[in-house]
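Colleague: Got a predicted model here, sequence first, then my questions.
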Amino acid sequence: MGHRSEHDYQQIPGLFRLWDLQFLFSRDDDYHVHYAEQTGDGTPLFAVYRRAVGEGRAR
């Protein structure tokens, strides 16, 4: 089993609302989602990091 690192993931540009996340995800990739901040009206925004399956894994 290979070692995974935060450095293996690339950030998808932008910050996203919770209801936007469904449009970003693919079943074929790995993701990390982190809370980033709130908008003026209190809507939470998230940063999303993606890694295609097989990237960054030791063989």
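Modeller: That came through fine.

Colleague: Tell me where this protein has strands.
Modeller: 10-17, 29-38, 44-52 (DSSP state E).

Colleague: how close does residue 11 sit to residue 38?
Modeller: 19 Å (CB to CB, to the nearest Å). The C-beta positions use only the backbone N, C-alpha and C, and glycine is treated the same way.

Colleague: for residue 48, same thing?
Modeller: Using CB to CB, we find residue 48 at a distance of 17 Å from residue 38.

Colleague: More neighbours: these two, which one.
Modeller: The neighbour count for residue 48 versus residue 38, taken as other CB atoms under 10 Å, is higher for residue 48 (21 against 10).

Colleague: burial measure for the closest residue to that one other than its chain neighbours, as a count.
Modeller: Nearest non-adjacent residue to residue 48, counting by CB to CB, 6 or more residues apart in numbering: residue 12, 4.6 Å away. Residues lying near residue 12 (other CB under 10 Å) number 14.

Colleague: right, and residue 12 touches residue 24 too?
Modeller: Yes. Contact criterion CB atoms under 8 Å: residue 12 and residue 24 qualify, at 6.3 Å.

Colleague: Quickly list what's touching both of those two.
Modeller: With contacts taken as CB atoms under 8 Å, 6 or more residues apart in numbering, residue 12 and residue 24 have 48, 50 as neighbours in common.

Colleague: Show me the shaky parts of this protein.
Modeller: Low-confidence segments of the chain, defined by pLDDT under 70: 1-7, 54-59.

Colleague: Need the phi and psi values for the spatially closest residue to residue 17 that is not a sequence neighbour.
Modeller: Leaving aside its sequence neighbours, residue 17 sits nearest to residue 43 (CB to CB, 6+ apart; 5.8 Å). Backbone torsions of residue 43, given as degrees, to the nearest 10, read phi -70, psi 120.

Colleague: Could you report the distance from residue 43 to residue 51?
Modeller: Distance from residue 43 to residue 51, by CB to CB: 27 Å.

Colleague: Tell me how far the residue nearest to residue 48 lies from residue 38.
Modeller: From residue 12 to residue 38 the distance is 19 Å (CB to CB).

Colleague: Over to residue 22?
Modeller: Taken as CB to CB, the span from residue 22 to residue 38 is 20 Å.
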